[in-house]
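>>> for reference, the sequence and a predicted model appear below.
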Amino acid sequence: MRTLLLTIVIAVGTLVMAGDPPKPLAATPEAERAFKELGAYYENTKSTPPYEQALKDLSSPDAAKRKSAGAYLTALFKQLYADESNGRAPVKRSPFFGGGGTSSDAREFRRVLAQAFGKDAAGEDALDAALWLVESEKDAKNQPAGMEVLKRIKVPRSAEIFKKLLDGPHPNAKVTEAVIEEVGKRDLKELKPQIERLCTHYRASIRNAARPVAEKFGVAKLPEYKLEAAFTPALDQHMASIAALVLTPLPKDAKWTHFTPAKNESGGYSGWLLSEKDGKLRVLDYFGQEREIPKDSVTTTPRTLADEAAKMIAARNDKFDVATYSHLGTASAQFEPRFITVPEALVAAWCHARGDKINAAALIFPRIADTQDDRWILWATRDLIGNIYTHRMMEAFSHERDYPKTITIAKLLASPAYEEFAGQGRAKLLAEQLEKRKDDFKTFVLPSDAAWREEQKKLSRADQIRYLCERLRLLNCIQMSQPGDVNYSDPQSSTPHSTTAAQAGGGGAPRINPYVELKNLKLDIADIPTLVPHLADENFMPTFSYWRDFHPKRTLHQVNWAVAALINDTAKKDLAELGTYMTLDEAGKKKHLEKILTWCKTNEGKTRDQLPDERPKPTGGPRIDAP
């Protein structure tokens, strides 16, 4: 079973969400051409779209050819960006054990295209592609390429474009510095107010670029840089957005406190003391995690946010180790960026929210200076906290079977606060499913062995299969080792796995495992048609797996993964082709299932033993979980 399951997980990859398959982003010849040619490129990277010819065509004497070339290059950039996240472009995997995905063909080719575009593109027909790179591209390495082209294009709207980029200003420091330089070269004195304002920008490199141009434009007295006044509206919003990432509402009377464990005086963490009741402290720590801890297990020391900010700044100035502010120390820090940590981001955001912009600025401005793009602070913090909450969400769902808590966390991750978080689609789908599954483990349960044997006597073989498949959504398997795997054949219980819940339920009574019972039926070819409709069941099971618990990625399993494993084991081949199935639209999925039924018809009358064994052979290598 494990070999079959591994094959399914790798085949499905990230395509575990329902949704429409990828398609061209616009109904234009250039967009459709880019979509088709990139599809061929992903199949064979030697089949490179002819972007070099398009770059040459930008200088063609034929106006129609220039226009089409510009539209085609713009379409390539847009489609490559979309393909990085829609599952169309292959993801390269790390060669290291448990390393997961590293990059995609779409991102790598976009960088090649951006470099060539920045070097060779010219003419007004290149303007849309250049603006897309500058305004919509999120890979900071590609944005300056668009700016290089904008510098070469001299059109009446250049001043308007530069004004827009300075008004923000653009979050990429290199882009903003290039705009300032170009404005000075072109002597665009109408942009003097924008240049003067940037003389007090929070990035020193931008201030240094703006001041000589301001003097050239006749600014009599350069404005004084003040730390607390350097926040821009965009950065104010970033601080508010970081604070909004936290699940637990913050009471006005909460007190900032340092907590030192009684058994580990060298350790400790800080956070908000939310309340105290019955000898327990309710705490929101600086990782955004809510904790309930026995009062006698810690020593509490009052602090201020300003104290905490100063401590963090001092740590950065003294051989900083990111593990100091990683939620699992060195283990989790190896997968996190150095330029920001969750505690630094949250303390800065909380200082800002309480009107202490001096300490917020002192803490966050140096962190921004360590990035190429101002937005990296927000994006990184979103992903770091999002991963912490994702782990908690899956534990609530699987280990505790606490659907209300799971839904609460999932809805936060599905909210605008977590827009573009990699796990957002999964969280949204999980919340939607569980809202419809509130009878799980209540009235809709796994029966005891005795109850199942009685029920089994009343059902035909096909109805037994349907009964068991319908209850696969309750399959609650727990990964017991790391690196390791989950086993769909694990014993099932009437109570959740978590110690607290199990104790509260008195230990729990054994329940049947529907996957095991399906295996016990010794399924044959004649049974596959009854299984096939359940390939459409994309409900998540309270079962997740991972490489290591300190790695950010988690794989939440779906009912149709188990169904596909049963079908493939019965057919002794990858008959389900679940990876393909999940990429199709509704009509395509219907045809896919009909194809499986046709195979069953063709092999009607055969037994499983008469089929050739076409299953993949065990590799002996590590399991690679889907993100």
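Received, thanks.
>>> residues contacting the strand ranked longest in the chain, please?
In the chain, with assignment by DSSP state E, the single longest strand is strand 269-277. Outside strand 269-277, the residues that touch it by Cβ atoms under 8 Å, 6 or more residues apart in numbering are 248, 250-251, 254-259, 281-287, 290-291, 295, 300, 303, 308, 343. All C-beta spots, glycine's among them, are computed from the backbone N, C-alpha and C.
>>> closest to the centroid, which residue in the chain?
residue 422 (1.4 Å; Cα atoms, centre = their mean).
>>> for the protein, what spans make up the strands?
Going by DSSP E, the chain shows strands at 91-93, 101-104, 255-261, 269-277, 280-285, 290-294, 298-302, 492-493, 510-511, 540-545, 555-558.
>>> list the pairing partners of the longest strand of the chain within its sheet, with orientation.
Using DSSP bridges, strand 269-277 pairs in its sheet with strand 255-261 (antiparallel), strand 280-285 (antiparallel).
>>> single out the most deeply packed of those strands.
Each of those was scored by mean neighbour count; the highest is strand 280-285, a mean of 19, by mean count of other Cβ atoms under 10 Å.
>>> kindly check the end-to-end length of stretch 453-471 for me.
15 Å (Cα to Cα, to the nearest Å).
>>> dump the strands paired with strand 269-277 into a markdown table; add distance to residue 58 as well.
Formatted as a markdown table, those follow (distance: least, Cβ to Cβ, whole Å):
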| stretch | distance to residue 58 |
| --- | --- |
| strand 255-261 | 57 |
| strand 280-285 | 54 |
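>>> ok now the lengthiest helix in the chain, how far from the chain's centre?
Longest helix of the chain, by residue count under DSSP state H: helix 376-398. Chain-centre distance of helix 376-398: 9 Å, with Cα atoms, centre = their mean, to the nearest Å.
>>> cool, and stretch 39-59?
With Cα atoms, centre = their mean as the basis, stretch 39-59 stands 29 Å off its chain's centre.
>>> any residues touching it, and which ones?
34, 37-38, 65-66, 68-70, 72-73, 76, 83, 88-90, 105-106, 109, 113, 116-117, 120-123, 125-126.
>>> can you select the buried ones from those residues in ChimeraX?
Buried residues among the contacts of stretch 39-59 (16 or more other Cβ atoms under 10 Å), as a ChimeraX selection:
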select :34,37,38,65,66,68,69,70,72,73,76,83,88,89,90,105,106,109,113,116,117,120,121,123,125,126
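>>> so which of the contacts of stretch 39-59 belong to helices?
Using DSSP H, these in helices are 34, 37-38, 65-66, 68-70, 72-73, 76, 83, 105-106, 109, 113, 116-117, 120.
>>> what about the stretch 51-200 of the chain, any weak spots by pLDDT?
Applying pLDDT under 70 to the stretch 51-200 of the chain flags residues 92-102.
>>> ok, the stretch 351-500 of the chain next?
499-500.
>>> not counting its neighbours along the chain, what's nearest residue 305?
Closest residue to residue 305 apart from its sequence neighbours, by Cβ to Cβ, 6 or more residues apart in numbering: residue 351 at 5.0 Å.
>>> swap that for residue 210, sorry
residue 198 (3.9 Å).
>>> just give me the neighbour total for residue 343.
Residue 343 sits with 22 neighbouring residues when counted by other Cβ atoms under 10 Å.
>>> right, and it touches residue 325 too?
Yes. Between residue 343 and residue 325 a contact is recorded at 4.5 Å, counting by Cβ atoms under 8 Å.
>>> who touches both of those two?
Taking Cβ under 8 Å, 6+ apart as the criterion, residue 343 and residue 325 both touch 286, 312.
>>> domains in the protein, by residue range?
What automatic domain parsing lists as the domains of the chain is 17-168, 238-383, 449-610.
>>> could the ones you listed go into TSV alongside distance to residue 439?
Below are these laid out as TSV (distance: least, Cβ to Cβ, whole Å):
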stretch	distance to residue 439
domain 17-168	22
domain 238-383	26
domain 449-610	11
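>>> got the strands paired with strand 269-277 as a markdown table, with mean pLDDT and distance to residue 375 columns?
Below are these laid out as a markdown table (pLDDT from 0 to 100; distance: least, Cβ to Cβ, whole Å):
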| stretch | mean pLDDT | distance to residue 375 |
| --- | --- | --- |
| strand 255-261 | 94 | 28 |
| strand 280-285 | 96 | 25 |
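>>> which residues sit in contact with residue 170?
Neighbouring residues of residue 170 by Cβ under 8 Å, 6+ apart: 134, 143, 176, 179.
>>> ok, it to residue 423 distance?
29 Å (Cβ to Cβ, to the nearest Å).
>>> please apply the same query to residue 106.
On the measure of Cβ to Cβ, residue 106 and residue 423 end up 20 Å apart.
>>> again, but for residue 50
37 Å.
>>> same question for residue 230.
34 Å.
>>> ok, those two, which is more surrounded?
Between residue 230 and residue 423, counted using other Cβ under 10 Å, the more crowded position is residue 423 (24 against 16).
>>> so that one is in contact with residue 390, correct?
Yes. Taking Cβ under 8 Å as the definition, residue 423 is a contact partner of residue 390 at 5.0 Å.
>>> residues that sit against both of these two, list them.
Counting by Cβ under 8 Å, 6+ apart, the residues touching both residue 423 and residue 390 are residue 413.
>>> who touches residue 372 in this structure?
The contact partners of residue 372, taken as Cβ under 8 Å, 6+ apart, are 140-141, 172-174.
>>> swap in 7 Å and give it another go.
Residue 372 sits next to 140, 172-174 when contact means Cβ atoms under 7 Å, 6 or more residues apart in numbering.
>>> do residue 35 as well
Counting by Cβ under 7 Å, 6+ apart, residue 35 makes contact with 24, 79.
>>> what residues are bridge-paired with residue 511?
Note on residue 511: beta-bridge partners by DSSP bridges are residue 492.
>>> next one: residue 282
Beta-bridge pairing of residue 282 under DSSP bridges involves residue 275, residue 292.
>>> check the gap between it and residue 451 for me.
Taking Cβ to Cβ, one finds residue 282 at 41 Å from residue 451.
>>> what does stretch 109-122 contact?
Identification of contacts with stretch 109-122 by Cβ under 7 Å, 6+ apart yields 41, 51-52, 55, 58-59, 73, 76-77, 80-81, 129-130, 133, 139, 141-142, 145, 148-149, 152.
>>> so which of these sit within helices?
Counted as lying in helices by DSSP H, out of those, are 41, 51-52, 55, 73, 76-77, 80-81, 129-130, 133, 145, 148-149, 152.
>>> any idea which of those residues is the one closest to residue 581?
Using Cβ to Cβ, the shortest approach to residue 581 within these belongs to residue 41, at 23.8 Å.
>>> what's the neighbour count on the closest one?
For residue 41, using other Cβ under 10 Å, the count is 19.
>>> circling back to that earlier point, thought the residue nearest to residue 305 was touching residue 361?
No. Using Cβ atoms under 7 Å, residue 351 makes no contact with residue 361, being 8.7 Å away.
>>> how about residue 235, what does it touch?
Neighbouring residues of residue 235 by Cβ under 7 Å, 6+ apart: 202, 374.
>>> confidence score at it?
Residue 235 is assigned 96 on the pLDDT scale.
>>> distance of it relative to residue 415?
Distance from residue 235 to residue 415, by Cβ to Cβ: 22 Å.
>>> tell me where the stretch 501-627 of the chain has helices.
514-520, 528-531, 559-571, 578-581, 586-602 (DSSP state H, counting those that start in this stretch).
>>> let's see the fourth one as PDB, backbone CA atoms only.
What it means is helix 578-581. Once non-C-alpha atoms are left out, helix 578-581 reads as follows in PDB (Å, rounded to 0.1, in the frame of the first residue of the first chain):
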ATOM      1  CA  LEU A 578      -5.300  10.600 -10.300                       C
ATOM      2  CA  GLY A 579      -2.600  13.200 -11.200                       C
ATOM      3  CA  THR A 580      -4.200  13.600 -14.700                       C
ATOM      4  CA  TYR A 581      -7.800  13.500 -13.300                       C
END
